[in-house]
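> Requesting a structural model of the entry that follows:
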Amino acid sequence: MTPVVQMRGVTKVYRSGSGSRTVEVRALAGVDLSIYPGEYVALMGPSGSGKSTLMHIIGLLDTPTEGEYWLGGEPVRGLSEAQLARIRNQRVGFVFQAFFLLPRLTALHNVALPLVYRGLPLAERLKRAKAALEAVGLGDRLDHLPSELSGGQKQRVAIARALVQEPDLLLADEPTGNLDSRSSDEILGLFDALHRQGKTIVMVTHEPDVGARAQRIVRLRDGRVADGGMV
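Take a look at the predicted model:
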């Protein structure tokens, strides 16, 4: 089976300044990682361990300084910004701690927004967005603005927005970080259900009880995979 995510020796170095004042920060220091279709993986580690940088590279929001990365068996090295953006839109769904919903758009139109970039007609975009919201239990909130929704409902809208693209990979960065315990349990239950449906999920978290919900935990330390990286 071809991994959805496969990395070999991935390094990421951030540089600031110039000349003798150049400062280098090595966020990743040779990561080897494989994630297969249908897996639910939690990326864990202390602050500064590299988990957010790794998430950004997996989601094509950043590129490695060195090493190789294949997404769905296709090499990422050498792709243009336009090519990376197209792949992100078609194959990766993102869920963030801060929701990032547009305040003047209804839940329905927030979810439909990513489909604009695929050139789909409005009726088809709204049909798919409605189905995605119904799938996360918000079929009765289609016309609500973000300000009219609870934190848990906002995160459900964000998950629906990620799912509407039918991505190969769902990435979640601390998706319960802004939620109370009840809403967190509901959102984690939704991720559990998506996993049972066969979705491939990668979640960044620093909370042990959240990580325990995943099928596999990949622990990072000092920019390296400490355990759980290869299967």
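> C-alpha from now on. contacts and neighbour counts both.
Fine.
> Look up how far Leu122 lies from the most centrally placed residue in the chain.
Taking CA atoms, centre = their mean as the criterion, Leu171 is the residue nearest the geometric centre of the chain, at 1.8 Å. Using CA to CA, to the nearest Å, one gets 26 Å for the distance from Leu171 to Leu122.
> Leu169 too?
From Leu169 to Leu122 the distance is 25 Å (CA to CA).
> and the helix or strand containing Ala29, what other elements does it pack with?
For Ala29, the element it lies in under DSSP states H and E is strand 23-35. Counting contacts by 3 or more CA pairs under 8 Å, 6 or more residues apart in numbering; DSSP states H and E, strand 23-35 is packed against strand 5-16, helix 51-58, strand 224-227.
> residues of the last one that come out buried?
This points to strand 224-227. For strand 224-227, burial by neighbour count (16 or more other CA atoms under 10 Å) applies to Arg224, Val225.
> Please, where are all the helices along this protein?
Here the chain has its helices, by DSSP state H, at 51-58, 81-91, 107-112, 122-135, 151-163, 181-196, 208-211.
> Which of the helices and strands packed on strand 23-35 sits closest to Glu148?
helix 51-58 (30.2 Å; CA to CA).
> okay, the closest one in PDB with CA atoms only?
Provided in PDB are the C-alpha atoms of helix 51-58 (Å, rounded to 0.1, in the frame of the first residue of the first chain):
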ATOM      1  CA  LYS A  51       5.400  19.200  15.500                       C
ATOM      2  CA  SER A  52       3.800  22.400  14.000                       C
ATOM      3  CA  THR A  53       6.600  22.700  11.500                       C
ATOM      4  CA  LEU A  54       6.100  19.100  10.500                       C
ATOM      5  CA  MET A  55       2.400  19.700  10.100                       C
ATOM      6  CA  HIS A  56       3.000  22.600   7.900                       C
ATOM      7  CA  ILE A  57       5.300  20.600   5.600                       C
ATOM      8  CA  ILE A  58       2.900  17.700   5.500                       C
END
